[in-house]
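Student: this is a predicted model, with the sequence first.
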Amino acid sequence: RRSADLGSAVAALTGHSGSVSQLAVGSAHRLASASKDGSIRIWKPPGEEPELVIDAHEAGATAVAFTDDGRSLVSAGGDGAIKVWDLPSGRNKSILPQRVLGVSSLEVAPDRSWLASGGSDGTVRVWELPSGDVCGVFGAHPLGVDHLAIGQGGTWLASGSATDTVVRVWKPIVTGADLTSAEIGLAIQVMAVTRDGTRFATGDRGGQLRIWNRGAIMPAHVVLAHLSDIQALAFAPGGSWLATADREGQLRIWDARTGLLRATVRTPGSSGRTVNPAGSLVLTVAPDDSWLASGGADGAIRIWDPATGAPRHILNAAESASKRTRQEGNKGVRGFLVAADGSWLACAAGDGSVQIWDMTLRKLARVLPSSQRPRSGPGSQGALLGIRRRPMAVAPDSSWLATGGADEGVRIWEPLSGELRLELDTGNREVSALTAGPSGTWLAAGGRDGSVLIWDTSTGKRLAEYAVHDGRVQALATSVNGTRLASVGDD
């Protein structure tokens, strides 16, 4: 039966001198209010006087949450501090060691072993209690996390944003608890490893970037880096940052240690949304971290300042227009490699050739000819195979360059002279990935049939062959000491 008083206010709780940022309900019908005046007030409606007033944050209180037992309260403030308070005394029990600005939502696990925070940086952080150690960072929503909720028993955590239409559900990473990270639900597109082998990263078809530390079974950071497929990924040789590019041409630079966005690359006079209208498909970084190169289907090689995202120059923009008219679909930049000293840049071009660019003079120094196998059959007339991304690998001392592709062959070149040194037998396999051993004495290739082959680079002798994946090998990477080889496949 509807009450005549339905919808009528039973109390007006006053006392804050600033706007109320958030409310939280605890046990025993208690209510907490966080205000931009910096205070947290504890109420028991319909009583209109606060049971407790805590001067919590000088720069304003932005979020508040009770523990399930009602004996503690957690708050976040504009000063970046997350604090734990004792109830009913109001005594500050602890301040989490890491400050995070822009926190707008907090939730505490039912067993009080961890808490989650979300905010304007788009991440969800999971903190172990009582130590305050960060044990998980999820890239949840690019434009900010506004809402968090914890499932029964703390087995899952949900995040939502006022700026997108997605609710994401996570399994929180908690030290010492029987919980695991959320499984990777979408196929990995690309993978990269730092030069010292201490980190690697993967990008998937859902736009998620995962950054892993060596030996870990779960990622240190999961970032929703793009709203479309991540098609290229490159670490700075120093390992402190990495760049990602998606199929829409967006290019972003990330801090590899924190998983936070450092810069978004913008072209002059553009809105900043796209660096290459035809899509930035391949990336590489200078050995001294001083520049970032991107290439895509328009055939241009763009050089960027990785610290600011500002453009520096375009290497082959003048040639792109004529290429587009000549190639009729076999256009664009399909792969990059850079010399160990940064003196030259190899570019796998859309016509199947490999261009060697002098990075000091910014001019084309050499073109290694296309070896693409012509199609057979009526109407082919020697037409080239449809060009996919062309895999390449370079010796650590830059003394040789290896190329592979749809012609079912791997070739080793002297890059500056263009001399063909070796042609390796792939057993009629189409090669989709290449990587060189750190000593330069061996070369590994991944095939579209899921196999991995390894050769001696001085003799061309095949050293090993493995049937690894049920689908194409997407990427290969080797450990810094050459004792481990990692592969990613379509499966």
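Tutor: Yep, it's here.

Student: so where is the stretch 151-300 of the chain shaky, pLDDT-wise?
Tutor: Along the stretch 151-300 of the chain, segments meeting pLDDT under 70 span 152, 164-166, 172-188, 215-218, 266-281.

Student: just the strands from it, written as ranges.
Tutor: 157-160, 167-170, 188-193, 199-204, 208-213, 221-224, 230-235, 241-246, 251-255, 261-264, 280-285, 292-296 (DSSP state E, counting those that start in this stretch).

Student: what does the third one contact?
Tutor: Read that as strand 188-193. Residues outside strand 188-193 that contact it (Cβ atoms under 8 Å, 6 or more residues apart in numbering) are 199-205, 229-235, 242, 474-475, 477-479, 486, 488. In this view, the C-beta of every residue, glycine as well, is placed from N, C-alpha and C.

Student: can I get the strands of the stretch 151-300 of the chain in a markdown table including mean neighbour count?
Tutor: Shown next, in a markdown table, are these (neighbours: other Cβ atoms under 10 Å):
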| stretch | mean neighbour count |
| --- | --- |
| strand 157-160 | 22 |
| strand 167-170 | 16 |
| strand 188-193 | 21 |
| strand 199-204 | 23 |
| strand 208-213 | 21 |
| strand 221-224 | 24 |
| strand 230-235 | 24 |
| strand 241-246 | 26 |
| strand 251-255 | 22 |
| strand 261-264 | 17 |
| strand 280-285 | 24 |
| strand 292-296 | 26 |
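
Student: residue 340 is nearest to which of these?
Tutor: strand 280-285 (12.5 Å; Cβ to Cβ).

Student: hmm, back to that, out of the strands of the stretch 151-300 of the chain, nearest to residue 346?
Tutor: In terms of Cβ to Cβ, the element of the strands of the stretch 151-300 of the chain nearest to residue 346 is strand 280-285, at 9.1 Å.

Student: contacting residues around residue 288?
Tutor: Counting by Cβ under 8 Å, 6+ apart, residue 288 touches 237, 342.

Student: quick one, phi/psi of it?
Tutor: Per-residue torsions, residue 288: phi -100, psi 20 (degrees, to the nearest 10).

Student: that older thread, okay, the strands of the stretch 151-300 of the chain in TSV with distance to residue 88 next?
Tutor: As requested, the strands of the stretch 151-300 of the chain are arranged in TSV below (distance: least, Cβ to Cβ, whole Å):
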stretch	distance to residue 88
strand 157-160	28
strand 167-170	33
strand 188-193	51
strand 199-204	46
strand 208-213	42
strand 221-224	38
strand 230-235	50
strand 241-246	47
strand 251-255	41
strand 261-264	41
strand 280-285	56
strand 292-296	55
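
Student: of all those, which one is nearest residue 137?
Tutor: Nearest of the strands of the stretch 151-300 of the chain to residue 137, taken as Cβ to Cβ: strand 221-224 at 5.0 Å.

Student: burial count for residue 459?
Tutor: Using other Cβ atoms under 10 Å, the number of residues around residue 459 comes to 9.

Student: show me where the stretch 301-450 of the chain has its strands.
Tutor: Under DSSP E, counting those that start in this stretch, the stretch 301-450 of the chain gives strands at 301-304, 311-314, 333-338, 344-349, 354-358, 363-368, 392-394, 401-404, 410-414, 419-424, 431-436, 442-447.

Student: distance to residue 99 added to these, as a markdown table?
Tutor: Below are these laid out as a markdown table (distance: least, Cβ to Cβ, whole Å):
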| stretch | distance to residue 99 |
| --- | --- |
| strand 301-304 | 31 |
| strand 311-314 | 34 |
| strand 333-338 | 38 |
| strand 344-349 | 41 |
| strand 354-358 | 44 |
| strand 363-368 | 49 |
| strand 392-394 | 42 |
| strand 401-404 | 47 |
| strand 410-414 | 51 |
| strand 419-424 | 54 |
| strand 431-436 | 40 |
| strand 442-447 | 44 |
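
Student: by mean pLDDT, show me the worst of these.
Tutor: Lowest mean pLDDT within those: strand 333-338, a mean of 81.

Student: report all helices and strands that that strand contacts.
Tutor: In terms of contacts (3 or more Cβ pairs under 8 Å, 6 or more residues apart in numbering; DSSP states H and E), strand 333-338 is packed against strand 280-285, strand 292-296, strand 344-349, strand 392-394.

Student: and those strands as CSV, adding distance to residue 427?
Tutor: Putting the helices and strands packed on strand 333-338 into CSV (distance: least, Cβ to Cβ, whole Å) gives the following:
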stretch, distance to residue 427
strand 280-285, 27
strand 292-296, 30
strand 344-349, 22
strand 392-394, 19
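
Student: go through the ones you listed and name the closest to residue 60.
Tutor: Residue 60 lies closest to strand 292-296 among these, at 38.1 Å (Cβ to Cβ).

Student: can you list the strands that that closest one pairs with?
Tutor: Strand pairing for strand 292-296, using DSSP bridges, gives strand 280-285 (antiparallel), strand 301-304 (antiparallel).

Student: next, the buried residues of the last one.
Tutor: Taking 16 or more other Cβ atoms under 10 Å as the basis for neighbour counts, the residues of strand 301-304 that come out buried are 301, 302, 303, 304.

Student: residue 134 touches residue 100, doesn't it?
Tutor: No: with contacts counted by Cβ atoms under 8 Å, residue 134 stays clear of residue 100, the gap being 9.1 Å.

Student: joint contacts of these two?
Tutor: Shared contacts of residue 134 and residue 100, defined by Cβ under 8 Å, 6+ apart, comprise residue 125.

Student: contacts only, for the nearest residue to residue 213 once chain neighbours are set aside.
Tutor: With sequence-adjacent residues excluded and distances taken as Cβ to Cβ, 6 or more residues apart in numbering, residue 213 is closest to residue 220, at 5.1 Å. Residues in contact with residue 220 (Cβ under 8 Å, 6+ apart) are 137, 211, 212, 213, 259.

Student: need the phi and psi values for residue 220.
Tutor: Here is the backbone geometry of residue 220 (degrees, to the nearest 10): phi -80, psi -30.

Student: quick revisit: of the strands of the stretch 151-300 of the chain, give the one that comes closest to residue 462.
Tutor: Nearest to residue 462 among the strands of the stretch 151-300 of the chain is strand 188-193; the distance by Cβ to Cβ comes to 24.1 Å.

Student: tell me the angle of the closest one relative to strand 431-436?
Tutor: On the basis of axes from the mean of the first three to the mean of the last three Cα atoms, to 10 degrees, strand 188-193 is oriented at 10 degrees to strand 431-436.

Student: CA atoms only for strand 188-193, dumped as PDB, please.
Tutor: Output in PDB follows, covering the C-alpha atoms of strand 188-193 (Å, rounded to 0.1, in the frame of the first residue of the first chain):
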ATOM      1  CA  ILE A 188      46.500 -11.000 -29.300                       C
ATOM      2  CA  GLN A 189      47.600  -9.000 -32.400                       C
ATOM      3  CA  VAL A 190      51.100  -7.900 -31.400                       C
ATOM      4  CA  MET A 191      53.800  -8.500 -28.800                       C
ATOM      5  CA  ALA A 192      57.100  -6.700 -27.900                       C
ATOM      6  CA  VAL A 193      59.900  -7.300 -25.400                       C
END
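
Student: taking strand 199-204 as reference, get the angle to that strand.
Tutor: Orientation check (the same axes, to 10 degrees): strand 188-193 against strand 199-204 gives 170 degrees.

Student: and stretch 20-36, end to end?
Tutor: In stretch 20-36, first residue to last residue: 6 Å (Cα to Cα, to the nearest Å).

Student: tell me how far it lies from the chain's centre.
Tutor: Put simply, stretch 20-36 sits 36 Å off its chain's centre (Cα atoms, centre = their mean, to the nearest Å).
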